[in-house]
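Student: Starting from these lines, generate the structure:
(one chain, ligands or ions: 2)
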Amino acid sequence: MPSPPDLDTSLTYCTYCPKLCRHTCPVSNAEAKETLTPRDKMATMRLLRRAEVPQTVEQSEPLYGCTGCGACTDFCLHKVEPGQALLRGRAEAERDGRGHPALRDLAARFTAKSTEAARRARAGVSQDKRPTEAQIAFFPGCDAPELAPTMLSLCDRIGAEYVSLADGEHGCGGYPLFAAGQFDAFRLHAERMSRQLAGFARVVVNCPACVWAMRTQYREFGVPLAPAVEHTSEFLEGFVERLPIERRRAAAFYQDPCYLGRWLGVYDAPRRLAKKAVDDVREFSRARNEAECTGGGGLLPTTMPDTAHAIAEHRLTEVRQAKVSTVVTSCPTCKRQLDRDDVHAVDLIELLDEATRK
Ligand code: SF4
Ligand code: SF4
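Tutor: Ligands and ions are numbered 1, 2, ... in the order given. From the prediction side, this is the model:
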């Protein structure tokens, strides 16, 4: 994939673009506001940087109307990345004291959630599965720490009993701080995680956004990370031919998480695994690199909760029309966004755990 243009060039391209990617943006589709199209968000950021509009909280608000899904980039002939550029804009807003009001105490909330996630992951795992040094350790992330014992028990059943828990004080890789544009806090957290994970050769992470942040952004921020980082589906794919399948679900849609698909290029591994446990894995009409976001990225559920919910409801329309009651995904955030009373969203780990139990 070609590199994106530099930031100034990207902002200029978008400002003078006839909104060629507008139809791809889940936020402006849900909100139907011109100010939230990718072009207008980027043009607003350019005006803010050039001090051509008042540098206020209100004027900066469109910078937060983005999930970072990357759908616009996939459509853009110049490969501009509004999803990444706008996070730089958020960092500038934070620096100037015009950050989004809903993110004002984010760092404190983040620390509380991250440490609580680590405690919850640890709670279901025995001491012998929590060494400080190991070849491979599992890191569930802060949105679904309860998957830790499920994943380790699945690993026992597939002959990967050597996988342990990446135990430590924190249970989040730091993507929320990055997405908020709180870059100093993100760097500090990356340094903490670098120390926490130093004893492992490989870390299997279940949150795609944190896999992306740990693989690419720690380095960008000058923080070395000793272990190789891979997503759960990449690790489990190595066992796909020897999964001891006992039962299968009849039908399920597969939801591509944006950070796993568009940002990390992982499309086939989760599908191969899901097909082992589901007779009929359905594709959305927009799938793989064209997949629609579920509205959970970029902290949208915090800054624009109604819009985030509307995006998820739109994604579920096709599932309901097909009268299918299961969506499989490989991202705890997508799972949280899509889970309803009539549609059950399941993580790949849960699906494979259920399928391989006697
Ligand atoms: S991302 Fe590309 S297609 Fe979209 S507004 Fe910017 S220049 Fe145009
Ligand atoms: S990255 Fe996604 S949410 Fe953000 S502007 Fe592009 S299409 Fe819209």
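Student: What parts of this protein come near ligand 1?
Tutor: Residues of the chain lying near ligand 1 by Cβ under 6 Å from any ligand atom: 13-14, 17, 19-21, 38-39, 42, 72, 76, 78, 80, 82. C-beta: built from backbone N, CA, C; applies to glycine.
Student: ok, the nearest residue in space to Ala144 that is not next to it in sequence - how many residues close by?
Tutor: On the basis of Cβ to Cβ, 6 or more residues apart in numbering, the spatially nearest residue to Ala144 that is not a chain neighbour turns out to be Pro332, at 3.8 Å. By other Cβ atoms under 10 Å, the residues close to Pro332 number 26.
Student: Show the contacting residues for whichever residue of the stretch 201-350 of the chain sits closest to ligand 1.
Tutor: Here the residue of the stretch 201-350 of the chain nearest ligand 1 is Arg262; by Cβ to the nearest ligand atom that distance is 13.4 Å. Listed by Cβ atoms under 8 Å, 6 or more residues apart in numbering, the contact partners of Arg262 are 69-71, 73-74, 256, 289, 291.
Student: Kindly recompute the last result at 10 Å.
Tutor: 1, 68-71, 73-74, 83, 212, 256, 288-291, 293 (Cβ atoms under 10 Å, 6 or more residues apart in numbering).
Student: Same question for Leu86.
Tutor: The contact partners of Leu86, by Cβ under 10 Å, 6+ apart, come to 38, 41-42, 44-45, 62-66, 68, 179, 181, 298.
Student: so where's this protein shaky on pLDDT?
Tutor: Where the chain drops to pLDDT under 70, the residues are 1.
Student: how close does the most far-flung residue of it relative to its centre sit to ligand 1?
Tutor: Distance to the chain centre peaks in the chain at Glu52, reaching 33.6 Å (criterion: Cα atoms, centre = their mean). As defined by Cβ to the nearest ligand atom, to the nearest Å, Glu52 lies at a distance of 19 Å from ligand 1.
Student: Confirm that residue sits in a strand?
Tutor: No: checked against DSSP: H, G, I helix; E, B strand; the rest coil, Glu52 lies outside a strand; its state is coil.
Student: From what I see, it and Thr15 are in contact.
Tutor: No: assessed by Cβ atoms under 10 Å, Glu52 is found out of contact with Thr15, at 11.0 Å.
Student: between these two, what contacts are shared?
Tutor: Arg46.
Student: middle-most residue in this protein, spatially?
Tutor: Centre-nearest of the chain using Cα atoms, centre = their mean is Ala209, 3.2 Å out.
Student: Is that residue in a helix, a strand, or coil?
Tutor: helix.
Student: which residues touch the residue in the stretch 201-350 of the chain that ligand 2 sits nearest to?
Tutor: Nearest residue of the stretch 201-350 of the chain to ligand 2, counting by Cβ to the nearest ligand atom: Cys293, 6.2 Å away. Cys293 sits next to 24-27, 29-30, 66-71, 83, 255-258, 262, 300, 308, 311-312, 314-315, 334, 337 when contact means Cβ under 10 Å, 6+ apart.
Student: Among the residues you listed, which ones lie close to ligand 2?
Tutor: Near ligand 2, by the rule Cβ under 6 Å from any ligand atom, you find 24-27, 66-71, 83 out of these.
Student: What about the residues you listed, which are in helices?
Tutor: 26-27, 71, 83 (DSSP state H).
Student: Strands along the chain, start to end?
Tutor: 134-139, 164-165, 200-205, 228-231, 249-255, 278-283, 326-329, 344-347 (DSSP state E).
Student: got those strands as TSV, with distance to Ala107 and mean neighbour count columns?
Tutor: Below are the strands of the chain laid out as TSV (distance: least, Cβ to Cβ, whole Å; neighbours: other Cβ atoms under 10 Å):
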stretch	distance to Ala107	mean neighbour count
strand 134-139	21	23
strand 164-165	25	22
strand 200-205	21	21
strand 228-231	23	20
strand 249-255	30	21
strand 278-283	39	15
strand 326-329	28	24
strand 344-347	27	22
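Student: As TSV, those with distance to Met304 would be great.
Tutor: Output for those, formatted as TSV (distance: least, Cβ to Cβ, whole Å):
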stretch	distance to Met304
strand 134-139	28
strand 164-165	34
strand 200-205	26
strand 228-231	27
strand 249-255	20
strand 278-283	28
strand 326-329	21
strand 344-347	21
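Student: tell me the domain boundaries of the chain?
Tutor: 7-99, 106-237, 246-355 (automatic domain parsing).
Student: quick one on the thing from earlier: so the residue nearest to the centre of the chain sits right up against Leu260, yeah?
Tutor: Yes: using Cβ under 10 Å, Ala209 makes contact with Leu260 at a distance of 8.8 Å.
Student: which residues are common contacts for those two?
Tutor: Cys331.
Student: Against ligand 2, how distant is the residue lying closest to Leu106 once chain neighbours are set aside?
Tutor: Of all residues not flanking Leu106 in the chain, Ala180 sits nearest, at 5.2 Å (Cβ to Cβ, 6+ apart). Between Ala180 and ligand 2 the computed distance is 15 Å (Cβ to the nearest ligand atom).
Student: Tally up the residues packed near Ala180, please.
Tutor: 28.
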